[in-house]
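Undergrad: Fold the following.
(2 chains)
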Amino acid sequence: MKLSLGDKIFNIANVIFLGLIALVTMFPIYYVFVVSFTEPAEYLQKTIVLWPDNWSLASYRYLLSAPTFIQAIGVSTFLAVVGTLCSLIVTSSFAYALSRKKFKGRRVILLLVLFTILFSPGIIPNYLLVKELGLINSLWSVILVSLSNGWFVILMKGFYDSISDTLVEAATIDGCNDITAWIKIILPLSLPSIAAFGLFFAVQYWNQYFNALLYLNDASKWPIQVLLQNMLIDSSSSSLGDVDPLIKPPPSQTLKMAAVVIAIVPIICVYPFLQKHFAKGVMIGSIKE
Amino acid sequence: MIDNEISTQKPTDVSAYTKMEKSPGKLKKFFKHVKRDRYLYLLALPGIIYFFIFKYVPMYGITIAFKDFSPFIGFTDSQWVGLQHFQRLFTGEDFWMLLRNTLAISFLNILFFFPLPIILSILLNELRSQVYKRTVQSLVYLPHFLSWVIIASLTFMLLGKSDGIINYFLNELGFGTFDFLTNPDVFWFLLTGQSVWKEVGWGTIIFLAAIAGVNTELYEAAKMDGANRFRQIWHVTLPAIRNVIIILLILRLGDVMEVGFEQVFLMYNGAVSEVAEVFDTYVYRVGIQQGQFSYSTAVGLFKSFVGLVLVVIANRMSKRFGEEGIY
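TA: Model prediction:
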């Protein structure tokens, strides 16, 4: 088919414009990568580096020799792994039970779950609850307050709704009860979706900032986001604590950028898998439900 | 052992909706169901307990907004003071500042951020190369998954006065440096800019899904009638997503009390406090940092309550447009 001149101009302009949008979106991320790998002396001399003459791992070497930083990565990893497992178990079992029609009273429970989305009691009552439970300064506080929420329950229930009862009934005849049928039949069947939800939970835990700030006063329990924020407002590198005095500290700017990169890299690693799922419409359901 | 657990937990299961069951016969039937499907109820139990403790117990905690709560006296023994804390909020000068900042940030967001995903999704849809389209999509969705701490770091690095790259280029070009980060005049726009960078790509997903549902024959028919590209967009694409646009706009209006708390909190500094303080940051500062638990709970409750009313109205309206709404 022949394109008119106007169409051709529009197509070219569109391609260029969207390319620019993508470039602008990527530029800040590109820039942190470059600065974090720039040789400290070169950075100090130029302050702006779009492409370094000398690449260097000095900032990373310094960061990874700081026990505080390693600890923060450990905390965030713990939250992401243990938190995601707990979230998946509680949310998916709850959502599955609510998706079965023989579950009497599920409408009332669903309404109560929905209400928690529409109305939140606010920061203070949540804080006082965590305090009363004696969870201040415990990593479990961060996991427990974000363990599950109404959106995820309703989203997962929507997914389980599509699994018919006949499968479960067949398993019941083979001597399964509802729990064993869920574990043996439903879970393996829904593994790809469960994995997708798991990734969303994991990203949420890795990105935890405010809850950690609120409930964890002890600096040794800070996850990477809180440490990162402290490094940012702190122009020296003292928030990193004791580092081997033999290593000369790189400029705080390249150090910060290296820390940002380390916080971004896990997200970028799981991103292709995340995208595969949300593109299919996992999250669109959240608005339509 | 499992049977034991069930018999002790059964009351938790039903307490929430016993009121709903009218006659004792119904209740009996209900218990029979619970007994028959006990394993199913057991599966729901962790979730029920979780939502009860972590979502509904704090709702009981709201009562301290009407009390003079002190951690040393405890929940039950603190004295009731009626609406005293609300009176303090509404008569104090902080209230108007909080309301102004919250609404300003929200409406700037609706004005400048809201239309962008619509435009972007239409342009993406016009791309002929699917590979190019998917590449652009992958790149613009990514920032959605980055934490606000990272976004704040990137902002400082780009816009910092002495070492930010934007100011470096402004200076090189002879414009001098501009104060982005501690300047009350641009603070709201700074927030809008951050939101655009983080969420504009993600926002296209729902519009692209709506556009994907358009029958391609409509475009063919429009072409036959001599419609050019802009006419096709105007007469075919836009009407197809009009309902989604209206619904999302209504829902967004219902959400005006919600401004990104972490975002504002991280960009907050002394120089911009007058324009940066919103309800949530105020609750944190007055409640957690100054220990005025009752007053700050009242502030939070006001915000949540207005938010609830707005969301319910918004949902009603979107249903009137023949759509499903969010619940």
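Undergrad: For the chain, which residues score under the pLDDT cut-off?
TA: This is for chain A. Flagging of chain A using pLDDT under 70 yields the residue ranges A:1-2, A:234-238, A:242, A:279-289.
Undergrad: sorry, should have said chain B
TA: Ranges of chain B meeting pLDDT under 70: B:1-24, B:322-327.
Undergrad: Which residue lies nearest the spatial centre of it?
TA: Residue closest to the mean C-alpha point of chain B, counted by C-alpha atoms, centre = their mean, is B:Glu258 at 5.7 Å.
Undergrad: list the contacts for that one?
TA: B:Glu258 makes contacts with B:106, B:307, as judged by C-beta atoms under 8 Å, 6 or more residues apart in numbering or on different chains. (Each C-beta comes from the backbone N, C-alpha and C, glycine too.)
Undergrad: repeat that for 10 Å
TA: A:120, B:102, B:105-106, B:252, B:278-280, B:303-304, B:307, B:310-311 (C-beta atoms under 10 Å, 6 or more residues apart in numbering or on different chains).
Undergrad: how about CSV for those, with secondary structure, neighbour count and distance to A:Leu20 added?
TA: Output for the contacts of B:Glu258, formatted as CSV (DSSP: H, G, I helix; E, B strand; the rest coil; neighbours: other C-beta atoms under 10 Å in any protein chain shown; distance: C-beta to C-beta, whole Å):
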residue, secondary structure, neighbour count, distance to A:Leu20
A:Ser120, coil, 20, 39
B:Thr102, helix, 22, 33
B:Ile105, helix, 24, 27
B:Ser106, helix, 19, 29
B:Arg252, helix, 16, 27
B:Val278, coil, 27, 33
B:Phe279, helix, 27, 37
B:Asp280, helix, 24, 35
B:Lys303, helix, 22, 39
B:Ser304, helix, 20, 41
B:Gly307, helix, 19, 37
B:Leu310, helix, 17, 37
B:Val311, helix, 22, 37
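Undergrad: circling back: my read is the residue nearest to the centre of chain B is in a helix, agree?
TA: No - counting by DSSP: H, G, I helix; E, B strand; the rest coil, B:Glu258 is not part of a helix but coil.
Undergrad: how about it, phi and psi?
TA: phi -90, psi 110 (degrees, to the nearest 10).
Undergrad: how much space between it and B:Ser318?
TA: Distance from B:Glu258 to B:Ser318, counting by C-beta to C-beta, to the nearest Å: 17 Å.
Undergrad: Check B:Ile166 too.
TA: 40 Å.
Undergrad: do A:Asn11 as well
TA: In this view, A:Asn11 and B:Ser318 are 36 Å apart by C-beta to C-beta.
Undergrad: which one of these two has more residues nearby?
TA: B:Ser318 (21 against 16; other C-beta atoms under 10 Å in any protein chain shown).
Undergrad: you'd agree the more buried one is in a helix?
TA: Yes - according to three-state DSSP, B:Ser318 belongs to a helix.
Undergrad: My read is that it contacts B:Ile245, right?
TA: No - contact between B:Ser318 and B:Ile245 fails when scored by C-beta atoms under 10 Å: they sit 11.4 Å apart.
Undergrad: Can you tell me which residue is spatially central in chain A?
TA: Closest to where the C-alpha atoms of chain A average out (C-alpha atoms, centre = their mean) is A:Val203, at 1.3 Å.
Undergrad: any idea which element that residue lies in?
TA: helix A:191-206 (DSSP states H and E).
Undergrad: how about that helix: buried residues?
TA: Using 16 or more other C-beta atoms under 10 Å in any protein chain shown as the burial criterion, the residues of helix A:191-206 that qualify are A:193-194, A:196-206.
Undergrad: From the contact counts, what lies against it?
TA: If you count contacts as 3 or more C-beta pairs under 10 Å, 6 or more residues apart in numbering or on different chains; DSSP states H and E, helix A:191-206 packs onto helix A:67-78, helix A:84-99, helix A:150-161, helix A:252-279.
Undergrad: and the angle from that helix to helix A:150-161?
TA: Calculated by axes from the mean of the first three to the mean of the last three C-alpha atoms, to 10 degrees, helix A:191-206 forms an angle of 170 degrees with helix A:150-161.
Undergrad: quick one: the helix or strand immediately after helix A:191-206 in the chain near chain B?
TA: Tracing the chain past helix A:191-206, the next element assigned as helix or strand by DSSP H and E is helix A:210-215. Yes - part of helix A:210-215 sits near chain B under the criterion C-beta under 10 Å from any C-beta of the partner chain, namely A:210, A:213-214.
Undergrad: can you check stretch A:257-267 too?
TA: Yes - using C-beta under 10 Å from any C-beta, we find that stretch A:257-267 touches chain B at A:257, A:259-261, A:263-264, A:267.
Undergrad: Quick check: ChimeraX command selecting the buried ones in those residues.
TA: To isolate the buried subset of these in ChimeraX, counting by 16+ other C-beta under 10 Å, use the following:
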select /A:257,259,260,261,263,264,267
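Undergrad: so which of the residues of stretch A:257-267 next to chain B comes closest to B:Lys28?
TA: A:Ile267 (53.0 Å; C-beta to C-beta).
Undergrad: so how far is stretch B:69-89 off the chain centroid?
TA: 29 Å (C-alpha atoms, centre = their mean, to the nearest Å).
Undergrad: what about dumping the CA coordinates of that stretch to CSV?
TA: Only the C-alpha atoms of stretch B:69-89 are listed here, as CSV (Å, rounded to 0.1, in the frame of the first residue of the first chain):
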residue,chain,number,x,y,z
PHE,B,69,-4.0,9.1,74.6
SER,B,70,-0.7,8.6,76.4
PRO,B,71,1.4,5.5,75.9
PHE,B,72,1.9,5.3,79.7
ILE,B,73,-1.8,5.2,80.5
GLY,B,74,-2.8,2.9,77.7
PHE,B,75,-5.7,2.6,75.3
THR,B,76,-8.5,1.9,77.6
ASP,B,77,-7.6,4.3,80.5
SER,B,78,-7.0,7.4,78.4
GLN,B,79,-9.6,10.0,78.8
TRP,B,80,-12.3,10.8,76.2
VAL,B,81,-12.0,14.4,75.0
GLY,B,82,-14.6,14.3,72.2
LEU,B,83,-13.8,16.4,69.1
GLN,B,84,-11.1,18.5,70.8
HIS,B,85,-8.4,17.4,68.5
PHE,B,86,-10.5,18.0,65.4
GLN,B,87,-11.3,21.5,66.7
ARG,B,88,-7.6,22.1,67.1
LEU,B,89,-7.0,20.9,63.5
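Undergrad: List the buried residues for it?
TA: For stretch B:69-89, burial by neighbour count (16+ other C-beta under 10 Å) applies to B:69, B:78, B:84-86, B:88-89.
Undergrad: I'd like to check what contacts it. Which residues are they?
TA: A:124, A:128, A:131-132, B:60-61, B:63-68, B:90, B:94-95, B:98, B:279, B:282, B:291-299, B:301-302.
Undergrad: Buried members of the residues you listed into ChimeraX, please.
TA: Per 16+ other C-beta under 10 Å, the buried members of these correspond to this ChimeraX selection:
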select /A:124,128 /B:61,63,64,65,66,67,95,98,279,282,292,293,294,295,296,297,298,299,301,302
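Undergrad: quick one: which of the contacts of stretch B:69-89 sit in helices?
TA: Among those, DSSP state H puts A:124, A:128, A:131-132, B:60-61, B:90, B:94-95, B:98, B:279, B:282, B:293-299, B:301-302 in helices.
Undergrad: Please list all residues in contact with the closest residue to A:Val90 other than its chain neighbours.
TA: Counting by C-beta to C-beta, 6 or more residues apart in numbering or on different chains, A:Val90 lies nearest to B:Pro46, which is 4.8 Å off, once chain neighbours are set aside. B:Pro46 is in contact with A:86, A:89-91, A:93-94, A:97, A:147-148, counting by C-beta under 10 Å, 6+ apart.
Undergrad: domains in chain B, as residue ranges please.
TA: Under the assignment automatic domain parsing, the domains of chain B span B:2-82, B:85-320.
Undergrad: of all those, which lies closest to A:Leu64?
TA: Comparison of those against A:Leu64 by C-beta to C-beta identifies domain B:85-320 as nearest, at 18.5 Å.
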